[in-house]
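K.L.:
can't give you the sequence, but here's the structure:
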Ligand SMILES: NC(=O)c1ccc[n+]([C@@H]2O[C@H](COP(=O)([O-])OP(=O)(O)OC[C@H]3O[C@@H](n4cnc5c(N)ncnc54)[C@H](O)[C@@H]3O)[C@@H](O)[C@H]2O)c1
């Protein structure tokens with residue numbers, strides 16, 4: 001039995017609260033691929049394949065041919081930012097893509113001007129800008145966003161929309177009384193409750209409009225009962241949080257390998273230098289704390305010190321981010337990993353990843369847009385755990401621990417696609433080849 005999947009006809013609008021480095025690198029990248037100026041490297045939906053049936057069956061279609069995804073030509077872009085720069089100017093300022101390439105993309109990028117943002121400087125402290133909605137309560141601002149969404153859809157003649165939070169990392173928050181159910185949340189919006197973050201106003205507006213929402217930052221945003229209930233109630237798929245790109249991506253490659261071989265780990269020291277606007281925001285200790293919690297949780301869940309105390313119970317894990325403007329978006333991440341083997345003999349692994357944050361994040365945004373849209377057309381709603389592959393802190397049902405191992409996440413994602421299409425799940429048992 002396969003799911004009934006609606007066809008991806010018409011235009012798919014992509015809305016990003018936050019039109020900074022990640023968002024503009026993603027938009028410019030899609031425009032570049034459309035013009036044949038580059039390849040969508042890093043995108044599973046564009047370059048990945050999926051094996052179907054037995055290894056001897058030779059059925060390995062491209063993922064994009066196997067499930068009905070929207071094509072790149074069907075995508076149209078919009079968003080909100082506190083700065084009024086259009087996508088061309090914002091991409092130039094972000095300095096991720098070179099000016100030669102951006103000059104060739106000027107026409108489509110210049111057309112995308114950010115709508116006025118819902119912003120609160122208590123939640124993002126290191127930056128401030130003029131392009132913001134100033135009137136009324138949070139309820140009025142949520143309604144203004146719902147209006148923005150409807151206008152964008154109409155003006156661009158979109159069939160469907162997807163929203164991906166590409167805004168700055170907000171300060172660390174924990175769920176409050178106002179987040180416990182939808183009634184309390186809506187009352188809180190009307191009273192402009194200080195516990196409601198701007199990202200939650202966007203998420204609320206998206207869900208109310210029936211628009212799937214992915215959270216690319218580590219903010220609390222959707223991780224509250226009120227918004228999760230709204231997602232289920234409205235039949236909208238959601239996922240998050242915090243794109244798994246540089247250092248954490250490496251961590252989720254290396255740590256499952258250590259555990260697979262029952263090698264111990266006594267220390268993991270991670271530090272980064274980063275000079276873009278994201279780095280500037282993360283220089284604020286409260287925004288960094290949100291990021292730190294997201295980055296730290298990974299090792300505990302993968303290494304399971306409760307199950308393997310002799311290997312991991314004393315693991316000392318530290319993550320640092322240092323704002324260092326000369327590097328811009330070309331971040332450098334160092335890891336010193338103290339491991340031990342047979343009879344406890346110590347060894348070390350050093351990783352020096354000279355990466356480009358937004359170059360790694362852009363293809364994840366693309367995949368999330370296409371797969372969330374697929375989820376919605378397939379009738380899936382609420383938390384989409386199969387999209388954990390893309391996140392540092394995957395959202396799960398309450399009481400369920402997240403799966404962080406990148407390869408288990410990939411199997412889960414591909415098996416979900418097989419399940420959607422009524423194909424056999426692949427267990428990798430393989431006994432049948434020897435019968
Ligand atoms: N690049 C990566 O590899 C990566 C990985 C994981 C998570 N992230 C997260 O993705 C987000 C975007 O990263 P970036 O490098 O593009 O940062 P950026 O600073 O270049 O862009 C963020 C943009 O959001 C805007 N903004 C802030 N609050 C807003 C609001 N309430 N409404 C609308 N706009 C708002 C800012 O003005 C800024 O232009 C950050 O939260 C970052 O931590 C990035």
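P.N.:
Yep, that arrived. Just so it is clear, the structure is predicted and the values come from calculations on it, not from any experiment.
K.L.:
For residue 419, list the residues it contacts.
P.N.:
Residue 419 sits next to 3, 425 when contact means C-beta atoms under 8 Å, 6 or more residues apart in numbering. Placement of C-beta: from N, CA and C, glycine included.
K.L.:
What are the buried residues along the helix or strand in which it is found?
P.N.:
Residue 419 belongs to helix 406-420 when assigned by DSSP states H and E. For helix 406-420, the neighbour count (16 or more other C-beta atoms under 10 Å) marks 406, 409, 411-418, 420 as buried.
K.L.:
Take these and lay them out in TSV including distance to residue 277 and pLDDT.
P.N.:
What follows is the buried residues of helix 406-420, written out as TSV (distance: C-beta to C-beta, whole Å; pLDDT from 0 to 100):
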residue	distance to residue 277	pLDDT
406	28	92
409	29	94
411	36	95
412	33	96
413	30	98
414	35	98
415	38	97
416	34	97
417	35	98
418	40	97
420	38	97
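K.L.:
Among the residues you listed, which ones lie close to the ligand?
P.N.:
Residues of those in contact with the ligand (C-beta under 6 Å from any ligand atom): none.
K.L.:
Let's have those residues in a markdown table, adding distance to residue 139.
P.N.:
Listed next are the buried residues of helix 406-420 as a markdown table, based on distance: C-beta to C-beta, whole Å:
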| residue | distance to residue 139 |
| --- | --- |
| 406 | 41 |
| 409 | 37 |
| 411 | 43 |
| 412 | 38 |
| 413 | 37 |
| 414 | 42 |
| 415 | 41 |
| 416 | 36 |
| 417 | 39 |
| 418 | 43 |
| 420 | 37 |
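K.L.:
and which of these is nearest the ligand?
P.N.:
Lowest distance from the ligand to these (C-beta to the nearest ligand atom) belongs to residue 406, with 14.9 Å.
K.L.:
out of everything not next to it in sequence, what's closest to that closest one?
P.N.:
Excluding the flanking residues, the one nearest residue 406 by C-beta to C-beta, 6 or more residues apart in numbering is residue 252, at 4.6 Å.
K.L.:
surely the one you found meets residue 258?
P.N.:
No: at 11.6 Å, residue 252 and residue 258 do not qualify as touching, with contact defined as C-beta atoms under 8 Å.
K.L.:
Near the ligand, which residues of the stretch 201-350 of the chain? Just list them.
P.N.:
216-217, 242-243, 245-246, 276-278, 281.
K.L.:
go with 8 Å
P.N.:
202, 216-219, 242-246, 276-278, 280-282, 291, 329, 331 (C-beta under 8 Å from any ligand atom).
K.L.:
Write the ChimeraX selection for whichever of these are buried.
P.N.:
In ChimeraX, this line selects whichever of those come out buried by 16+ other C-beta under 10 Å:
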select :202,216,217,218,219,242,243,244,245,246,276,277,278,280,281,282,291,329,331
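K.L.:
Tell me which stretches of the stretch 301-435 of the chain form strands.
P.N.:
For the stretch 301-435 of the chain, applying DSSP state E, counting those that start in this stretch gives strands covering 316-323, 332-340, 346-354, 382-383.
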